[in-house]
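Novice: Predicted model and sequence follow; I will ask about them next.
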Amino acid sequence: MPDVRSSIPWDSLLLVYGTLMVPTLFSVLIGINIWLDSREYFELPAFLLSTLIYAFWLSFRRIGAHVIASTTWPLVWIVFALIVVFNPLPVLFRSSRWWLIKKVGKLLVSGTKPVEFTDFWLGDQFCSLVFTLSNLFFVGCAYKEDWNDVWNQCSSSTHWGIPFALGVLPLVVRAVQSVKRYADSRLYTHLINGGKYCSSILYYAFYFTWRHHNRAHDYTLVLFCMFAAFASIYTCAWDLLMDWSFFKHPAQRRFLRKDLAYSTNYYVYYIAIITNILIRFIWVLYIPGGNSDFQLRTFIVSMFEMLRRWQWNFFRLENEHIGNTDQYRVTREVPLPYRLDDVDNDTDDEGDDDDEENFSRRSGWGRRSVRLAPISSDEERPSSREP
């Protein structure tokens, strides 16, 4: 190890690999979130993560160092990953890759088109990648400076403007999306949601200002802590009350909601509430002094935020599905005020029977031919919920 440390800029190289690893590993976790529907969103990130680990091994084992520098392998992996993602050939799930590219591109023009669930859900994923986005400047600067004195030349403490702009870009996108949703629906809850992202932008503004002042224990630290605490309370309350719809009455389990998809393991909801609150306040790890381990602390915070978002996804998608079911946007049967009479022997509806049989063949559902007969006024109508 002393040999490696003296021959390569190992500390800055670790930061570059950490910057690349967080979104790659996060993509694998998101693939687990949607594994049942789209396995390609797990398999492709897993493939890229394995190649990134291989590049990391090549760098620190200095394989072929006399031909290719250890600092070149991250750049090789970046080029390789871009080729895989933007490859136009019909391999490696081309339709899914192009769908993702179009959705990410739509985020950059937020405010010009109606906002769908996939748009703001994907935007929220990027909000948990502030560490990676803000360090993209460091990665580019390291190669520009040829890895010479990169901590002084490329540190976000010195050049904080561009890292700040890159880091808060997803938050700006989500704020714009919230305003657009309010303009389309006139629901003030979207403006409140937009305020949540604005509070996070202010939090990061004072965070980078404090770093620019060399993390001094002065007024910048006070402002950073004040806005960080406010943003944490704001976002955590929205997570629990709106995104997860907890603390609803009536509820089978205290502090939860009426319908639970994971009802047999209900304790995971309480674990999620506690861990979500704790990780929302994990910015306190930035406060202790000392320069030697500060980058390590930022990486640890980013990893915890990644895990928090992964956990958030399970309950956010669950809540969305339950809401869709309650409003009959996702359903197999809609209760109607009619009685289903067996008409297997009815010869007048042969054409309808043929259509029904064809539908059953196509959909894989075994259905009986039925006729909808109105219920008389003195018969009780089956109860149904309003959509």
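Specialist: Structure received.
Novice: which residues of the protein score low on pLDDT?
Specialist: Counting by pLDDT under 70, the chain has low-confidence residues at 1-6, 36-39, 290-292, 326-387.
Novice: what about the strands in it?
Specialist: If you assign secondary structure with DSSP state E, the strands in the chain sit at 338-342, 370-374.
Novice: And for residue 127, nearest residue in space, chain neighbours not counted?
Specialist: Closest residue to residue 127 in three dimensions, ignoring its sequence neighbours and counting by CB to CB, 6 or more residues apart in numbering: residue 170, at 4.6 Å. To be clear about C-beta, it is placed using only N, CA and C from the backbone, and glycine gets the same treatment.
Novice: Tell me which residues touch that neighbour, please.
Specialist: When the contact criterion is CB atoms under 8 Å, 6 or more residues apart in numbering, the partners of residue 170 are 107, 123, 126-127, 129-130, 133.
Novice: can you map out the helices along the protein?
Specialist: Secondary structure of the chain by DSSP state H: the helices cover 2-7, 10-33, 40-61, 73-86, 94-107, 117-127, 130-144, 150-154, 161-185, 188-212, 219-238, 267-280, 294-326, 350-363.
Novice: Against residue 163, how distant is the most centrally placed residue in the chain?
Specialist: Most central in the chain under CA atoms, centre = their mean is residue 125, positioned 2.3 Å from the mean C-alpha point. Note on residue 125: its distance to residue 163, by CB to CB, to the nearest Å, is 20 Å.
Novice: Then residue 295?
Specialist: Going from residue 295 to residue 163 by CB to CB gives 13 Å.
Novice: Mind checking which of those two has more residues around it?
Specialist: Set side by side, residue 295 and residue 163 show more neighbours around residue 163, with 24 against 19, by other CB atoms under 10 Å.
Novice: ok, the more buried one - contacts?
Specialist: For residue 163, the contact set (CB under 8 Å, 6+ apart) comprises 134-138, 156, 208.
Novice: Can you select the buried ones from the residues you listed in ChimeraX?
Specialist: Buried residues among those (16 or more other CB atoms under 10 Å), as a ChimeraX selection:
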select :134,135,137,138,156,208
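Novice: ok, the contacts of residue 163 vs residue 7, which is closest?
Specialist: Checking those against residue 7 with CB to CB, the nearest one is residue 138 at 21.3 Å.
Novice: what's the closest non-adjacent residue to that closest one?
Specialist: Nearest residue to residue 138, sequence neighbours excluded (CB to CB, 6+ apart): residue 154, at 4.9 Å.
Novice: So what's the residue count around that neighbour?
Specialist: 23.
Novice: Could you pull up the contacting residues of it?
Specialist: 137-138, 141-142, 145.
Novice: Distance-wise, check it relative to residue 70.
Specialist: For residue 154, the distance to residue 70 equals 18 Å [CB to CB].
Novice: repeat for residue 183
Specialist: With distances defined as CB to CB, the gap from residue 183 to residue 70 amounts to 51 Å.
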